[in-house]
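S.K.: The sequence and its predicted three-dimensional model are supplied below.
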Amino acid sequence: MSGLAEQLAVGADDAVWGGLTPCGTSSWEALGEPVLRPRVRRLAAVFGLPACSRADAWYELSGARRLRDAAGEGVYRRALDAGSRGGFIGPRLSRQVEVDVIRTFAEHAEFFACPQSGGCERGALDAGAAADESGAECAGRGSLAAGLRRVLRATCILNPRVGYVQGLNYIGGLLLVVHELARKAKQGAGQAGAAGGAVAEEAASEAAVGAPEASEASEAPEASEASEASEASEASEAAEAAAAVALVRDRAEAEERCAWVLHAVTTRVWPGLFEPTLSGCRVAMQAAESVLRARVPRAATALDECGLGLSLVVPRVLLSGFVSAMPLADAARCWDATLLAAAGRSDVDFASSALRLGVQICCGVLRACANGLARAVQLGEAQRFQAVAMVLQDLTPASGSVLEHALKAPCRLTPAEFRAEWEKAALAAAVPAQRQARPVRWTRGHRAPRHR
Amino acid sequence: MAAASSSVDDAYDYLFKLVLIGDSGVGKTNLLSQFARSEFNLASKATIGVEFAWKNVTIEGDVIKAQIWDTAGQERYRAITNAYYRGAVGALLVYDIAKRVTFDHVEAWLKEVREHADSKIVVMLVGNKSDLSQLRQVSTDEAQELAKREGLAFIETSALTKSGVDTTFSRILEEIHRIVKEQELDRGDDDAAAVVADGEAVVVDDDKADAKAPSGGCCK
């Protein structure tokens, strides 16, 4: 299985983006201005943002940077400290985070996590991060899993009301991979000249990643590499140390950014979706169902036939931030589209646009599966359920086209159409117990009567 | 992820829907994949939303199609899983023998089932991860006691070694099968026989179950 970062790095970045965002040197400064131009925005929506600019772009577009600036210095640090002691999270959430951290992307070397008791040889990917003193429990603290644990705990404290919801682990994981990719790209470009430390770090991390497979291979080449390395080590010792310090610093910064983006996702981008009652998610389910019924009746009928409502698909798509419903690269592109659709709008419209994209993508997922669903339904009664369930479970064969479907008819919704659907759904989904949890009030929707 | 354990077009006499419930991380998904596909994945992903598996089992000459629903364990997800219990005739309530707290939540889960599922649903208490005996925090006796008190069947399993997994599913399916048969006998009706002959599903759905289930529930 290829690395997660590689999965994200593939794509026609250069062909599409040309010289606009040369990987490594560019960041938000290069991309920020043009990406808000309609034409570039459409380009990004269709082809995705350049992989190495995503970290910066999402940090900006989600509003995470502004949240962080507004919160002031040290807020994250304090959250992190409290989080590492398990304080203020409560045993239940703390346990839930732990249960999920060790099984998030656990099949990938970058994440290979470790139980707290230790035994995490494969988790210890990065010698450099051993200098990290922030209270991680085990030797695997260099792995992204350890970072994910810190990010999720800190997020719980940044937003105690939402805390941790299963699914945020996938979003957090994706964010960490995106940042790791950006860090490597930046390092590759920035330090290409001053080889020493960067190369040593890359090599070390490369070796660690390859270790499980390499250990099976013959010993001889490894030994000779090792001796070469030891000769070179005297010269590069200082550089290595500097690189290690830089690595720890960069990773800590990346983790903090991830935590703020996650915070932005639960509060600004998709407010209400992750509430304790999942109220926003229920509204989204209603809205998606209504849209699907009107616009992709084939898929809706297929689900009806088997008694399988959208309740199965929508939470999986939205609460996992697309990650558990499609390949990682597609999930990242869905985030590009979602954040770009919302970019530059004021708060209410921002969330409305982001939720609109979420609902469109849910419909896109099912639109992409519509043929498979329709075929499944034509089978006899005895086979129908399995066949439909298999399509739903899999979802992936249709991937790649999901975003394409989501952005055009019949799944595409105008902001006004979406507001109408959402309000209708909110009424239908409302239950007395959680009146206050109604996710977003569309004041503008009330003010602007539609003539249709 | 899901794969039918046998060919898709097999006919069956009964269709039983089972749900898997219990705290996060107790091994629900692995229990299911062991039963349906003889697979175990140490790095299995957290279930978001709902997943399914199915398998045909033969009991007393009847082909039973077990359709099993697996869902996210976090408490918060109960808000969106109401539909999940609809039509279920059996529930496996899973806890982790090496994590006390997952056993402490069993009663809350029972309440959840009794609120949302049909009152005649067959519930079986399953202590998973029995391979972790050196880390055991919940004794067999204690669990047995709870099961007795609540009128549940009880078994310990290891999804890792597959110990007890097949027994778990066959026991709960046999129990359901027995109840459905009793119902048919009670009614003495030809309808049921006719339906079975057609190879159609007999689903004990909410309305019918109320009408035809024997008093006293399922688990004596």
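M.R.: Structure's in. What do you need?

S.K.: For the rest of this, base every contact and every neighbour count on C-alpha atoms.
M.R.: Noted.

S.K.: List the buried residues for the longest helix seen in chain B?
M.R.: In chain B, assigned by DSSP state H, the helix with the most residues is helix B:165-187. Residues of helix B:165-187 classed as buried by neighbour count (16 or more other Cα atoms under 10 Å in any protein chain shown): B:165-166, B:168-177, B:179-180, B:183-184.

S.K.: Counting by contacts, list what that helix packs against.
M.R.: Applying 3 or more Cα pairs under 8 Å, 6 or more residues apart in numbering or on different chains; DSSP states H and E, one finds that helix B:165-187 makes contact with helix B:28-37, strand B:50-59, strand B:90-96, strand B:122-128, helix B:206-212.

S.K.: any chance of the ones you listed in JSON lines, plus distance to chain A, mean neighbour count and mean pLDDT?
M.R.: Shown next, in JSON lines, are these (distance: least, Cα to the nearest Cα, whole Å; neighbours: other Cα atoms under 10 Å in any protein chain shown; pLDDT from 0 to 100):
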{"stretch": "helix B:28-37", "distance to chain A": "12", "mean neighbour count": "24", "mean pLDDT": "93"}
{"stretch": "strand B:50-59", "distance to chain A": "5", "mean neighbour count": "20", "mean pLDDT": "89"}
{"stretch": "strand B:90-96", "distance to chain A": "12", "mean neighbour count": "26", "mean pLDDT": "97"}
{"stretch": "strand B:122-128", "distance to chain A": "16", "mean neighbour count": "26", "mean pLDDT": "97"}
{"stretch": "helix B:206-212", "distance to chain A": "14", "mean neighbour count": "14", "mean pLDDT": "39"}
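
S.K.: among these, which is nearest residue A:91?
M.R.: Closest to residue A:91 of the helices and strands packed on helix B:165-187, according to Cα to Cα: strand B:90-96, at 16.7 Å.

S.K.: Can you classify the nearest residue to residue A:329 once chain neighbours are set aside by secondary structure?
M.R.: Nearest residue to residue A:329 in three dimensions, chain neighbours excluded: residue A:8, at 4.9 Å (Cα to Cα, 6 or more residues apart in numbering or on different chains). Classification of residue A:8 by DSSP: H, G, I helix; E, B strand; the rest coil places it in helix.

S.K.: Tell me who's in contact with residue A:8.
M.R.: A:51, A:178, A:328, A:329, A:332 (Cα atoms under 8 Å, 6 or more residues apart in numbering or on different chains).

S.K.: want to throw these into TSV with distance to residue B:21, pLDDT and secondary structure?
M.R.: Shown next, in TSV, are these (distance: Cα to Cα, whole Å; pLDDT from 0 to 100; DSSP: H, G, I helix; E, B strand; the rest coil):
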residue	distance to residue B:21	pLDDT	secondary structure
A:51	39	81	helix
A:178	34	93	helix
A:328	28	90	helix
A:329	32	88	helix
A:332	31	92	helix
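
S.K.: sorry, back to before: can you dump the C-alpha coordinates of the longest helix of chain B into PDB?
M.R.: Output in PDB follows, covering the C-alpha atoms of helix B:165-187 (Å, rounded to 0.1, in the frame of the first residue of the first chain):
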ATOM      1  CA  VAL B 165     -17.900 -16.600  17.200                       C
ATOM      2  CA  ASP B 166     -19.800 -19.200  15.200                       C
ATOM      3  CA  THR B 167     -21.500 -20.400  18.400                       C
ATOM      4  CA  THR B 168     -22.700 -16.900  19.200                       C
ATOM      5  CA  PHE B 169     -24.400 -16.400  15.900                       C
ATOM      6  CA  SER B 170     -25.800 -19.900  15.600                       C
ATOM      7  CA  ARG B 171     -27.200 -19.700  19.200                       C
ATOM      8  CA  ILE B 172     -29.000 -16.400  18.600                       C
ATOM      9  CA  LEU B 173     -30.200 -17.500  15.200                       C
ATOM     10  CA  GLU B 174     -31.500 -20.800  16.600                       C
ATOM     11  CA  GLU B 175     -33.300 -19.000  19.300                       C
ATOM     12  CA  ILE B 176     -35.000 -16.700  16.900                       C
ATOM     13  CA  HIS B 177     -35.800 -19.600  14.600                       C
ATOM     14  CA  ARG B 178     -37.300 -21.400  17.500                       C
ATOM     15  CA  ILE B 179     -39.500 -18.400  18.300                       C
ATOM     16  CA  VAL B 180     -40.600 -17.900  14.800                       C
ATOM     17  CA  LYS B 181     -41.500 -21.600  14.500                       C
ATOM     18  CA  GLU B 182     -43.500 -21.400  17.700                       C
ATOM     19  CA  GLN B 183     -45.300 -18.400  16.300                       C
ATOM     20  CA  GLU B 184     -46.200 -20.300  13.200                       C
ATOM     21  CA  LEU B 185     -47.400 -23.200  15.200                       C
ATOM     22  CA  ASP B 186     -49.400 -21.000  17.500                       C
ATOM     23  CA  ARG B 187     -51.100 -19.400  14.600                       C
END
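
S.K.: Counting by contacts, list what the host helix or strand of residue A:82 packs against.
M.R.: Element membership for residue A:82, per DSSP states H and E: helix A:75-84. Secondary-structure packing of helix A:75-84 (3+ Cα pairs under 8 Å, 6+ apart): helix A:144-158.

S.K.: hmm, the helix it packs on touching chain B?
M.R.: No - if you take Cα under 8 Å from any Cα of the partner chain as the test, helix A:144-158 misses chain B, and the best it gets is 12.8 Å.

S.K.: So what's the model's average confidence on that helix?
M.R.: For helix A:144-158, mean pLDDT rounds to 91.

S.K.: angle of it against helix A:75-84?
M.R.: In terms of direction (axes from the mean of the first three to the mean of the last three Cα atoms, to 10 degrees), helix A:144-158 departs from helix A:75-84 by 110 degrees.

S.K.: Okay, buried residues for helix A:144-158 please.
M.R.: For helix A:144-158, by 16+ other Cα under 10 Å, it's A:144-158.

S.K.: In CSV, could you pull the C-alpha coordinates for it?
M.R.: Output of helix A:144-158 as CSV, limited to C-alpha atoms (Å, rounded to 0.1, in the frame of the first residue of the first chain):
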residue,chain,number,x,y,z
LEU,A,144,1.4,10.9,12.9
ALA,A,145,-0.8,8.9,15.2
ALA,A,146,0.8,10.5,18.2
GLY,A,147,0.2,13.9,16.6
LEU,A,148,-3.4,12.9,15.9
ARG,A,149,-3.9,12.1,19.5
ARG,A,150,-2.6,15.5,20.5
VAL,A,151,-4.7,17.3,17.9
LEU,A,152,-7.9,15.5,18.9
ARG,A,153,-7.4,16.1,22.6
ALA,A,154,-6.6,19.7,22.1
THR,A,155,-9.6,20.1,19.8
CYS,A,156,-11.8,18.7,22.6
ILE,A,157,-10.6,21.4,24.8
LEU,A,158,-10.8,24.2,22.2
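
S.K.: So which elements touch that helix?
M.R.: helix A:75-84, helix A:91-101, helix A:168-190, helix A:220-264.

S.K.: Which residues outside the second one are in contact with it?
M.R.: Right, helix A:91-101. A:86, A:113, A:145-146, A:148-149, A:152-153, A:163-164, A:166, A:169, B:24-25, B:46, B:74.

S.K.: Can you give me the distance of residue A:164 to residue A:267?
M.R.: Residue A:164 sits 13 Å away from residue A:267, going by Cα to Cα, to the nearest Å.

S.K.: For these two, indicate the residue with more neighbours.
M.R.: residue A:164 (28 against 18; other Cα atoms under 10 Å in any protein chain shown).

S.K.: so who does the more buried one touch?
M.R.: A:93, A:96, A:97, A:152, A:153, A:155, A:156.

S.K.: switch the cut-off to 10 Å
M.R.: A:89, A:92-94, A:96-97, A:152-157, A:266, A:274-276, B:74, B:76 (Cα atoms under 10 Å, 6 or more residues apart in numbering or on different chains).

S.K.: And for residue A:59?
M.R.: By Cα under 10 Å, 6+ apart, residue A:59 lies in contact with A:28, A:65, A:66, A:175, A:179, A:257, A:258, A:260, A:261, A:262, A:264, A:339.
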